[in-house]
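1. compute the structure for the input listed below.
(4 chains)
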Number of protein chains: 2
Amino acid sequence: MRKSVRNNSEKSGEKLRAAGLRPTRQRVALANLLFARGNRHLTAESLRAEAAEAGIEVSLATVYNTLHQFTGAGLLRQVAVDASRFYFDTNTGAHQHFYDEDGATLIDIPGDSIAVAGVPNPPNGMEVERVDVVVRIRRA
Amino acid sequence: MRKSVRNNSEKSGEKLRAAGLRPTRQRVALANLLFARGNRHLTAESLRAEAAEAGIEVSLATVYNTLHQFTGAGLLRQVAVDASRFYFDTNTGAHQHFYDEDGATLIDIPGDSIAVAGVPNPPNGMEVERVDVVVRIRRA
DNA sequence: CGTCTGATTTAGAACAATTCTAAACTGTTG
DNA sequence: CAACAGTTTAGAATTGTTCTAAATCAGACG
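-> Prediction:
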């Protein structure tokens, strides 16, 4: 057990270094939480709560900083589904989302299942950065 | 001119009544602004600014209330593209959007140009409410 | 190893967008 | 035209996020 924790931290450290971020205690701890399990969707508050539960004390400002730095480094992706908060996704590959408006939860849709056809050319001087699909669902 | 203004207000009044909303001075004025021209994208602040320019005094709270009531009544639709504010769209039909992240502007994509195929079945007990496509663009 | 330096973290203040509250007002109904 | 429920309002409150200035830390260097 202890060994695998150390391995995770080492892996996170390398990951951060590769991204050009100094592997500080806080960043490594958050990276461990973020990337240990599979794909995750979270908000600043939820990550902070999770960190607190795991006995890691980080200020909210650091959680925000880290989330933004990770996003800038391509380790995370922001998902816009709800104007009231930012969601972050540890899955940075091509994929889409279900968004459950009742529970305010996101569910991944694998990148190869949805196909979007007929996207018009963007206005002059603009280029397409990404095509986001959000399938809004609710209790039937 | 005066005649057409009266017509607009009468039309707005009927529209509101049909939606089950009492056609008050403020709601009629905002509806006129919203639906007089073609499709529009706006935020609470931008609508309020526009109202102020047109000499209509409405409190910000009323702008928010109205926007939400209109949305509830199906007269407007909310577009989630940016976690930092709510956008509203006067076009409630099926269509999609370009979102220019530099300028924070929305551009309509007609409903019949984009086709989304392969949406998986939603989880049990859930139904698809809507499929939103946002094409994020930026200066090339 | 201590020391230094710039990067990072922090608590708390500041901010922006939105929502709430309680009182004043207004549209409709009888 | 009185009465009541629905609506509006100013301003306070709340929420989520960003900023600030001071304290702390990671890594380099002697």
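
2. what residues does chain A have near chain B?
-> Taking CB under 8 Å from any CB of the partner chain as the contact definition, chain A meets chain B at A:78, A:80-87, A:98, A:100-101, A:107, A:109, A:113-120, A:122-123, A:125-140. Using the backbone N, CA and C atoms, a C-beta is placed for each residue, glycine as well.

3. mind checking which of the residues you listed land in strands?
-> A:78, A:87, A:98, A:100, A:107, A:109, A:115-117, A:126-139 (DSSP state E).

4. may I see the ChimeraX selection of the buried members of these?
-> Applying 16 or more other CB atoms under 10 Å in any protein chain shown to these, the buried members can be selected in ChimeraX as follows:
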select /A:87,98,100,107,109,116,126,131,132,133,134,135,136,137,138
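
5. any regions of chain A where pLDDT drops low?
-> For chain A, the stretches with pLDDT under 70 are A:1-7.

6. in it, which residue is most central in space?
-> Nearest to the geometric centre of chain A sits A:Asp89, at 2.3 Å (CA atoms, centre = their mean).

7. report the beta-bridge partner residues of that one.
-> On the basis of DSSP bridges, A:Asp89 is bridged to A:His41, A:Arg77.

8. pretty sure it is touching A:Arg77, no?
-> Yes: between A:Asp89 and A:Arg77 there is a contact at 4.8 Å, judged by CB atoms under 8 Å.

9. got a list of what A:Ser12 touches?
-> By CB atoms under 8 Å, 6 or more residues apart in numbering or on different chains, A:Ser12 lies in contact with A:Pro23, A:Arg27, A:Val28, A:Ala31, A:Asn32, A:Phe35.

10. name the nearest residue to it, sequence neighbours excluded.
-> Leaving aside its chain neighbours, A:Ser12 sits nearest to A:Ala31 (3.8 Å; criterion: CB to CB, 6 or more residues apart in numbering or on different chains).

11. same question for A:Leu34.
-> A:Thr90 (5.5 Å).

12. the one you found touches A:Leu33, doesn't it?
-> No: at 10.0 Å, A:Thr90 does not count as touching A:Leu33 under the criterion of CB under 8 Å.

13. about what we covered before: out of the contacts of A:Ser12, who has the most neighbours?
-> Most neighbours among the contacts of A:Ser12, by other CB atoms under 10 Å in any protein chain shown: A:Ala31, with 24 neighbours.

14. how about the secondary structure of that residue?
-> Following DSSP: H, G, I helix; E, B strand; the rest coil, we place A:Ala31 in the helix state.

15. likewise for A:Asn91?
-> The three-state label given to A:Asn91 by three-state DSSP is coil.

16. ok, the residue lying closest to it once chain neighbours are set aside - contacts?
-> Leaving aside its sequence neighbours, A:Asn91 sits nearest to A:Asn39 (CB to CB, 6+ apart; 4.0 Å). Listed by CB under 8 Å, 6+ apart, the contact partners of A:Asn39 are A:Asp89, A:Thr90, A:Asn91, A:Asp108.

17. quick one: A:Arg27 and A:His68 touch, right?
-> No: taking contacts as CB under 8 Å, A:Arg27 lies outside contact range of A:His68: 11.9 Å.

18. quick one on the thing from earlier: check which helix or strand the residue nearest to A:Asn91 maps to.
-> Secondary structure from DSSP states H and E places A:Asn39 outside every helix and strand.

19. any idea how far B:Phe98 is from it?
-> If you measure A:Asn39 against B:Phe98 using CB to CB, to the nearest Å, the figure is 27 Å.

20. again with A:Pro23
-> For A:Pro23, the distance to B:Phe98 equals 39 Å [CB to CB].

21. what's the answer for A:Ala51, then?
-> Going from A:Ala51 to B:Phe98 by CB to CB gives 37 Å.

22. the residue nearest to A:Ser12 contacts A:Glu14, doesn't it?
-> No: A:Ala31 is beyond contact range of A:Glu14, at 10.2 Å (criterion: CB under 8 Å).

23. just give me how far the helix or strand hosting A:Leu67 sits from the chain centre.
-> Counting by DSSP H and E, the element that carries A:Leu67 is helix A:60-72. Averaging C-alpha positions (CA atoms, centre = their mean, to the nearest Å) puts helix A:60-72 11 Å from its chain's average.
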